[in-house]
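*Asks:* No sequence on hand, only this structure:
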């Protein structure tokens, strides 16, 4: 039951749902996600920890960045089911459509300057 509760908790937040929908399109780093969501990087990082603990996303180092993407491995029995469902859910939602469009136009080198 614990695994299901982690997945449901992860899905119960608007920003985490938006993150999952964007990561369904492409891998992204924290600064890219923050730019699209319009929230601070520490808040995005907290959301990513929840999603990762639920087995919904993974990360990998890519030079100076850490890229986040939908989990390819079946960490629990619920995450793959939710990924399949999410592919069909909210595709016509205006916020999701806007996020996808914005995510496609981001230039990581410009927004991730330190």
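*Replies:* Thanks, I have it. In this text the structure is predicted, and so the values were computed from the model without any measurement. Numbers count the residues shown, from 1 in each chain.
*Asks:* that's a strand at residue 91, yeah?
*Replies:* No: in this structure, residue 91 is coil, not part of a strand, as judged by DSSP: H, G, I helix; E, B strand; the rest coil.
*Asks:* Tally up the residues packed near it, please.
*Replies:* Residue 91: 12 surrounding residues under other C-beta atoms under 10 Å. All C-beta spots, glycine's among them, are computed from the backbone N, C-alpha and C.
*Asks:* Check the one 3 residues further on too.
*Replies:* A total of 8 residues lie near residue 94 under the criterion other C-beta under 10 Å.
*Asks:* gap between it and residue 113?
*Replies:* Distance, residue 94 to residue 113, using C-beta to C-beta, to the nearest Å: 30 Å.
*Asks:* so is the residue nearest the centre of the chain in a helix, a strand, or just coil?
*Replies:* Nearest residue to the geometric centre of the chain (C-alpha atoms, centre = their mean): residue 19, 3.1 Å. Here residue 19 is helix, with the state taken from three-state DSSP.
*Asks:* wait, it sits on residue 51?
*Replies:* Yes: judged on C-beta atoms under 8 Å, residue 19 makes contact with residue 51 at a distance of 6.6 Å.
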